[in-house]
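Participant: predicted model follows, preceded by the sequence.
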Amino acid sequence: MIFKKGVKVAGIQPEIMCALMVAERVYFERGRPEGVTVTAVTDGKHMTGSKHYIGQAVDLRTFYFSVDVQHSIVTDLKIRLTDEFDVVLEKDHLHLEYDPK
């Protein structure tokens with residue numbers, strides 16, 4: 001697991017750490033020996049009320065995967081994680097959020 005320079009992890013919640021471990025495995029399986037690169041946790045600019053600010057969301061780099069592989073990663077994460085998580089493929093990253101229903 002790699003954290004982009006400047007990423008702030010203070011306040012990250014344990015549920016997100018668990019999800020990152022799952023994402024790490026999925027990235028390994030898709031041929032990324034470095035695992036996930038986390039590009040945002042509690043830092044950065046996000047929309048008002050974002051779960052990033054309370055440590056319940058992370059953004060993961062995806063540009064090194066083809067679009068098809070990115071979609072398969074999303075599908076796999078949705079299968080492996082509980083329904084308490086949202087997995088959203090954005091234009092330039094994957095957003096992973098703890099959002100219990």
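Facilitator: Cool, got the structure. Please read these numbers as outputs of a predicted model, since none were measured by experiment.

Participant: what residues does the lengthiest helix in the chain touch?
Facilitator: Using DSSP state H to define each element, the chain has its longest helix at helix 14-29. Contact with helix 14-29 is made by 1, 34-36, 38, 41, 55-58, 60, 73, 76-77, 80-81, 84-85, 94, 96, 98, as judged by Cβ atoms under 8 Å, 6 or more residues apart in numbering. (Glycine included, C-beta is placed from N, CA and C.)

Participant: buried subset of the residues you listed, written for PyMOL?
Facilitator: Of those, the buried ones can be selected in PyMOL as follows, counting by 16 or more other Cβ atoms under 10 Å:
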select buried, resi 35+36+38+41+55+56+57+58+60+73+76+77+81+85+94+96+98
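
Participant: narrow the contacts of helix 14-29 to those in helices?
Facilitator: Within these, membership in helices is found for Ile73, Asp76, Leu77, Arg80, as judged by DSSP H.

Participant: so the third one sits against His95, correct?
Facilitator: No - Leu77 is not in contact with His95 according to Cβ atoms under 8 Å; the separation is 11.0 Å.

Participant: what do these two both touch?
Facilitator: Jointly contacting Leu77 and His95 under the rule Cβ under 8 Å, 6+ apart are Val87.

Participant: any buried residues in the longest helix of the chain, and which?
Facilitator: Residues of helix 14-29 classed as buried: Glu15, Ile16, Ala19, Leu20, Val22, Ala23, Glu24, Val26, Tyr27 (neighbour count, 16+ other Cβ under 10 Å).
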